[in-house]
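**Q** what would the 3D arrangement of this be:
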Amino acid sequence: MSDPRFARPWHGVPREAIDWHPAVDEDACIGCGTCVTGCNRLVYRFDYGRKKAVVVDPLNCMIGCVTCMNTCPTHAISFPPLDNVVALESRADVHHAIEDDLLARREQLAWSDTLPDPDRIVSLVVEKIETSNTDTRIVTLAPKAEEDCLCQFVAGQYLELFAPDQRWMSRAYSIGNAPRADGRIELQLRRAPGGRFTTWAFESLAVGQLLRARGPLGRFTVRSPLERPLLLIAGGSGFAPIGAMIAQQLALAPERDIALFWGVAHPREFYQLERIAAWRRSDPALSCTLAAVELAPDFAPPAGCALFHGRVDEAVRKCARELASRDAYVAGPPAMMRPVMKALAERGIAREQTYSDAYHA
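**A** Now for the predicted structure:
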């Protein structure tokens, strides 16, 4: 019987509802007992007669832990796909449970030491809110005072935004534009079903409101030599940092060879397509592929852009162009990252040529 200490809910999700447990291939198991003695949660027992490990209490298994599989000398242990856990981590209620636990146990979990903090808190005024589609809002923020100007960031960086008068931790949003002399920035907010911050942003955020932000932050920036062609891949609102990179590159190095791939579930999730059309008019060398898992008969991509029916990683795999010489920059949800990284490797792009920025929707 499962130990109640180990079988309790995982961030609010009942343990029995989570498909995470080991399986033993008896033909491959040599009976070394490493998994049985090495698991202090008593997932396994040992059949002394057959000299085989037996999974007895799978619900005791720690979510995400694969220590037994990694130490099995004959690779006799397997687990369900890690995507099962990643899918749970993307749920809003799991995010909220983790956040509430962090805040409630702050005295216990806080790191007691400190490091010099180079970041700064700025005050920004909501200047404009545009609804690009039912799930995406483009919010323009202006500095409240001269000292709040965000003029010295690099395309691809992000801000941590604080919702006023809320007991939540900050939320990270990529800056969706290249640096501007007036310090204004654009955030592309995508509604996350059940998400605390995006529910507030879609229902309560208003023009004229004052927000606090920390930043700019992050190292997801173009660092490739000028002669290196680029492959930029976005999933959903991962278009924010990718779009900022394109805008900056077109301004600083308009001759650069850039290939853009942007994937969504349905064409209605695309936004700012007029921006891509303008880029294409100013630089026909910029190639663009829009990938949608579903298609809509009334959707037409911008002139010069290809439309691919399927996931963005599949679009990369089936691209007829040579890609191995490019540096790849990838931004999107974690569930997109693994298949995209695999597709890049299959196309000959080395891991050291790949830079990524994963976010939770």
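**Q** only C-alpha atoms for contact and neighbour calcs from this point on.
**A** Will do.
**Q** so where's the stretch 101-250 of the chain uncertain?
**A** Along the stretch 101-250 of the chain, segments meeting pLDDT under 70 span 113-119.
**Q** tell me where the stretch 151-300 of the chain has helices.
**A** Residue ranges of the helices in the stretch 151-300 of the chain, as given by DSSP state H, counting those that start in this stretch, are 196-203, 239-252, 273-282.
**Q** what would those look like in CSV with mean neighbour count and distance to R347?
**A** Formatted as CSV, the entries for the helices of the stretch 151-300 of the chain read as follows, by neighbours: other Cα atoms under 10 Å; distance: least, Cα to Cα, whole Å:
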stretch, mean neighbour count, distance to R347
helix 196-203, 16, 36
helix 239-252, 22, 20
helix 273-282, 15, 25
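**Q** what's the closest of the ones you listed to A28?
**A** In terms of Cα to Cα, the element of these nearest to A28 is helix 239-252, at 45.8 Å.
**Q** and the contacts of the closest one?
**A** If you take Cα atoms under 8 Å, 6 or more residues apart in numbering as the criterion, helix 239-252 is touched by 155-157, 174-179, 187-188, 221-222, 232-234, 256, 262, 283, 329-332.
**Q** now do it: distance to the chain's middle.
**A** When distances are taken as Cα atoms, centre = their mean, to the nearest Å, helix 239-252 is centred 18 Å away from the chain's centroid.
**Q** in CSV, list the C-alpha atoms belonging to it.
**A** This file holds the C-alpha atoms of helix 239-252, laid out as CSV (Å, rounded to 0.1, in the frame of the first residue of the first chain):
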residue,chain,number,x,y,z
PHE,A,239,6.9,35.9,-31.2
ALA,A,240,7.5,38.9,-28.8
PRO,A,241,11.3,38.4,-28.4
ILE,A,242,11.8,37.0,-31.9
GLY,A,243,10.0,39.9,-33.4
ALA,A,244,12.1,42.3,-31.4
MET,A,245,15.2,40.6,-32.7
ILE,A,246,14.1,40.9,-36.3
ALA,A,247,13.3,44.6,-35.9
GLN,A,248,16.7,45.2,-34.4
GLN,A,249,18.5,43.2,-37.1
LEU,A,250,16.7,44.9,-39.9
ALA,A,251,17.8,48.3,-38.5
LEU,A,252,21.4,47.4,-37.7
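**Q** just the ones of the contacts of helix 239-252 in strands?
**A** For the contacts of helix 239-252, membership in strands holds for 174, 187-188, 232-234, 262, 329-332, with DSSP state E as the criterion.
**Q** that older thread, now the helices of the stretch 151-300 of the chain as TSV including distance to P4?
**A** Output for the helices of the stretch 151-300 of the chain, formatted as TSV (distance: least, Cα to Cα, whole Å):
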stretch	distance to P4
helix 196-203	31
helix 239-252	44
helix 273-282	53
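**Q** quick one, helices of the stretch 1-150 of the chain?
**A** Listed in chain order, the helices of the stretch 1-150 of the chain (DSSP H, counting those that start in this stretch) span residues 34-38, 67-71, 83-89, 92-104, 106-109.
**Q** which one of those helices lies nearest to T289?
**A** Across the helices of the stretch 1-150 of the chain, T289 has its closest neighbour in helix 83-89 (26.0 Å, Cα to Cα).
**Q** quick one: average pLDDT of that closest one?
**A** Per-region confidence: helix 83-89 scores 85 on mean pLDDT.
**Q** which one of the helices of the stretch 1-150 of the chain is the most hemmed in?
**A** With neighbours taken as mean count of other Cα atoms under 10 Å, the helices of the stretch 1-150 of the chain reach their highest mean count in helix 34-38, at a mean of 17.
**Q** starting at the chain centroid, how far to that one?
**A** On the basis of Cα atoms, centre = their mean, the separation between the geometric centre of helix 34-38 and that of its chain is 35 Å.
**Q** what residue of this structure is the furthest out?
**A** With distances taken from the mean C-alpha point of the chain and given as Cα atoms, centre = their mean, the most distant residue is G49, at 48.3 Å.
**Q** distance-wise, check that one relative to A76.
**A** 19 Å (Cα to Cα, to the nearest Å).
**Q** equivalent analysis for P297, please.
**A** Separation of P297 from A76 (Cα to Cα): 49 Å.
**Q** more crowded one of the two?
**A** Here P297 and A76 are compared on neighbour count by other Cα atoms under 10 Å; more neighbours surround A76, at 18 against 6.
**Q** now do the contacts for that one.
**A** Shown in contact with A76 (Cα under 8 Å, 6+ apart): 24-29, 69.
**Q** and the residues you listed, which of them are buried?
**A** Applying 16 or more other Cα atoms under 10 Å to the contacts of A76, the neighbour count classes 24, 29, 69 as buried.
**Q** look at the second one and report its pLDDT.
**A** pLDDT for C29: 93.
**Q** make sure it is actually in contact with S78.
**A** No. Taking Cα atoms under 8 Å as the contact criterion, C29 and S78 are not neighbours in contact, 11.6 Å apart.
**Q** and the closest residue to D25 other than its chain neighbours, how far from A343?
**A** Nearest residue to D25, sequence neighbours excluded (Cα to Cα, 6 or more residues apart in numbering): A76, at 5.0 Å. Counting by Cα to Cα, the gap from A76 to A343 is 28 Å.
**Q** what of D25?
**A** Note on D25: its distance to A343, by Cα to Cα, is 30 Å.
**Q** and A87, by the same measure?
**A** Between A87 and A343 the distance is 20 Å, computed by Cα to Cα.
**Q** thought C39 was touching V66?
**A** No. At 10.3 Å, C39 and V66 do not qualify as touching, with contact defined as Cα under 8 Å.
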